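Participant: Quick one, fold the following:
(one chain, ligands or ions: 1)
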Amino acid sequence: MTTLTASDVSAALGGRRILDGVDLTIAPGRVTALVGPNGSGKTTLLRTCYRALPTTTGMVRLDGDDITSLRRRTLARTVGVSTQEPVSLGGITVRESVRLGRTVKRGLFESFGTDDADVVDTVLDRVGLAGLAERDVLALSGGERQRVSIARALAQQPEVLLLDEPTNHLDLHQQLSVLILLRELAAGGLAVLLTLHDLRMATEYCDAMVVLSGGRVVATGAPEEVLDPALLAGVFGVRGQVRPGPAGGRTLDVWGLADG
Ligand SMILES: Nc1ncnc2c1ncn2[C@@H]1O[C@H](COP(=O)(O)OP(=O)(O)OP(=O)(O)O)[C@@H](O)[C@H]1O
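Facilitator: Prediction:
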């Protein structure tokens, strides 16, 4: 099990500071939602967490190790990533695309074994892509491609999983399926961080929440602690509140714009 921590992370794009002194802990066994308005820096923060973007101050660590000191392969074996980028060029099947996630477990010239095939089959099944395994990835809908991206990250069998809006192309059934799957994987020790715009889904399915606004963390904690009416109005510009939900859970009601 591995914990990812960001300490005092700042980052810039195009000469402009986008992240400003961000602290974050992504613990094993938990699904953490990274939420915030458009342009608040969620994707940028995710990118610093898998070394796709250098920090200007601060540090990201995997357990005690600064990620900039890790070998590329070590980082790739530990951290799985699903981004909003296209999953692959065409000409390969869904199965082959997902199997690319296994390359981090292999040496450069090592061929895939039956254990790799078993992992790929299991993952395809769990994200509901088994029936599309032999389809060209370019012949998929947006939601199907999104699930390929998630499946490929899962095929790595990472310790930490980072997902950028993993549900934005998915229908309601698939959104819930993915969130339930992430909860199951977290129960097995995975540390999960995902960006989400749907605050109700984040409230119902995530254990913890980190709220970004203007590149700063403005709240961290359990969803019911974080999403109080003042924060919903001040950060998201809406009127709403968290209340107890069905089956002992919690949910979020939103009933209008804060200034409406
Ligand atoms: N290459 C770039 N150069 C300059 N500014 C950039 C660049 N990429 C993104 N930005 C800016 O950085 C800020 C944060 O962007 P980011 O994509 O991290 O936000 P986000 O919270 O993920 O947004 P969204 O919810 O809209 O996906 C935005 O103001 C955006 O315009």
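
Participant: what does the stretch 1-150 of the chain put close to the ligand?
Facilitator: Residues of the stretch 1-150 of the chain lying close to the ligand (CB under 6 Å from any ligand atom) are 13-14, 16, 18, 36, 38-44. No exception for glycine: its C-beta is placed from N, CA and C like everyone else's.

Participant: Just to be sure, which of these are found in strands?
Facilitator: Counted as lying in strands by DSSP state E, out of these, are 13, 16, 18.

Participant: Next one, pLDDT for the last one please.
Facilitator: Looking back up the chat, that one is I18. You'll see I18 listed with a pLDDT of 97.

Participant: How about the first one?
Facilitator: L13 carries a pLDDT value of 96.

Participant: So what sits opposite the spatially most central residue of the chain in the bridge?
Facilitator: Among the residues of the chain, the one closest to the centroid is L163, at 2.1 Å (CA atoms, centre = their mean). Judged by DSSP bridges, the bridge partners of L163 are S82, L194.

Participant: who are the neighbours in contact with Q174?
Facilitator: 128, 143, 147, 167 (CB atoms under 8 Å, 6 or more residues apart in numbering).

Participant: What residues of the helix or strand hosting the third one count as buried?
Facilitator: Put plainly, it is R147. Assessed by DSSP states H and E, R147 sits inside helix 142-155. Under the neighbour-count criterion of 16 or more other CB atoms under 10 Å, helix 142-155 has 144-155 buried.

Participant: do stretch 115-126 as well
Facilitator: Residues 116, 119-120, 123-124, 126 are the ones in stretch 115-126 that count as buried (16+ other CB under 10 Å).

Participant: Could you do stretch 71-79 as well?
Facilitator: Residues of stretch 71-79 classed as buried by neighbour count (16+ other CB under 10 Å): 75-79.

Participant: For it, what is the distance to the chain centroid?
Facilitator: 17 Å (CA atoms, centre = their mean, to the nearest Å).

Participant: For it, report the contacting residues that lie outside it.
Facilitator: Stretch 71-79 has contacts (CB under 8 Å, 6+ apart) with 2, 4, 49-51, 62, 67, 70, 104-105, 156, 158-162.

Participant: In those residues, find the pair that's most separated.
Facilitator: Farthest pair in the contacts of stretch 71-79 (CB to CB) is C49 and K105. Separation: 20.9 Å.
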